[in-house]
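*Asks:* Have a look at this fold, sequence not included:
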């Protein structure tokens with residue numbers, strides 16, 4: 001089968017196409033023939049040695065990839081919830097290696113959800129790591145409830161565009177930041193207000209926020225602590241809060257958390273339901289052939305993609 005291996009940390013030249021055998025499954029596993037996969041900033045950051053690079057540095061060369069959508073072709077003898085022919089999608093294995101830059105992948109049944117029939121494999125593959133991150137941030141640590149004022153930074157991005165839709169579904173008043181070029185897109189997702197971060201200082205136009213999702217880090221995190229109301233919550237998904245930031249959060253009476261997305265078949269089933277009902281939709285801005293993985297990484301590195309980048313077979 002086709003696969004793409006990361007030979008060593010570095011540029012896209014380290015992503016090498018290879019042919020390897022189709023993997024064997026164990027009694028409690030399933031084999032999925034992939035139709036589409038999606039990538040996220042953690043992909044190119046890990047390729048560079050950042051991201052989860054420290055976790056896998058002793059396993060190079062390695063096959064990256066976690067976001068999948070495809071068809072089950074084989075199930076282990078102990079698997080009873082799925083059968084060959086089932087169309088499934090999920091984020092698998094993260095933050096361990098899951099080997100999803102390949103035509104076939106081995107998955108655990110408790111990681112998977114049935115793909116809704118009304119969406120494509122491209123749309124399903126997109127709604128995995130990014131949608132899970134948004135859902136877990138808003139519901140696990142955020143505990144968003146009706147009437148909450150919610151600020152989503154980078155609202156037109158991968159995580160952000162799902163977060164806006166989910167927050168609206170949960171009954172929040174949603175403010176999204178992006179460039180002016182993506183204003184209509186963000187408002188079209190359901191945001192109640194839009195802030196152009198290039199021409200406006202967010203802290204000058206919004207305050208007293210119940211919940212802030214920060215997919216950017218850096219100065220955005222610091223500003224967010226001052227925008228949140230006392231007793232409010234700021235969640236950053238790109239770095240941990242250092243001692244200085246935690247002290248500032250404590251002084252301001254703000255709950256500050258860093259989260260890392262985790263694999264959950266139950267959460268994927270919830271997301272599947274939202275997709276099936278049209279409450280949440282995936283915006284796929286660019287689809288590449290699998291063989292153009294390097295180009296997909298380069299596009300994502302620009303930080304200007306709207307929604308998600310997907311590759312298919």
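*Replies:* Now that the structure is in, tell me what you want to look at. Just so you know, these numbers come straight off a predicted model, no measurement behind them.
*Asks:* going forward, measure contacts between C-alpha atoms and count neighbours the same way
*Replies:* Will do.
*Asks:* Just give the nearest non-adjacent residue to the residue most central in space within the chain, would you?
*Replies:* Taking CA atoms, centre = their mean, the centroid of the chain lies closest to residue 130, which sits 1.7 Å from it. Using CA to CA, 6 or more residues apart in numbering and skipping the chain neighbours, the partner closest in space to residue 130 is residue 159 (4.5 Å).
*Asks:* Can I take it that the one you found is in a helix?
*Replies:* Yes - counting by DSSP: H, G, I helix; E, B strand; the rest coil, residue 159 is found in a helix.
*Asks:* Any figure for the gap between it and residue 307?
*Replies:* 8 Å (CA to CA, to the nearest Å).
*Asks:* Residue 181 - how many residues pack around it?
*Replies:* By other CA atoms under 10 Å, 9 other residues sit near residue 181.
*Asks:* doesn't residue 308 make contact with residue 284?
*Replies:* Yes - using CA atoms under 8 Å, residue 284 is in contact with residue 308, at 4.8 Å.
*Asks:* Quick check: the residue nearest to residue 130 touching residue 136?
*Replies:* No - with contacts counted by CA under 8 Å, residue 159 stays clear of residue 136, the gap being 11.0 Å.
*Asks:* The two - which one has more neighbours?
*Replies:* The neighbour comparison of residue 159 against residue 136 (other CA under 10 Å) goes to residue 159, with 28 against 19.
*Asks:* Report the contact partners of the more buried one.
*Replies:* Contacts of residue 159 were listed using CA atoms under 8 Å, 6 or more residues apart in numbering, and they are 130, 131, 133, 134, 215, 307.
*Asks:* again, 7 Å this time
*Replies:* Listed by CA atoms under 7 Å, 6 or more residues apart in numbering, the contact partners of residue 159 are 130, 131, 133, 134.
*Asks:* cool, and residue 85?
*Replies:* 71, 72, 73.
*Asks:* likewise residue 84?
*Replies:* 72, 73, 74, 75.
*Asks:* which strands and helices sit next to the helix or strand hosting the residue nearest to the centre of the chain?
*Replies:* Per DSSP states H and E: residue 130 is located in helix 129-136. Here helix 129-136 touches helix 158-169, going by 3 or more CA pairs under 7 Å, 6 or more residues apart in numbering; DSSP states H and E.
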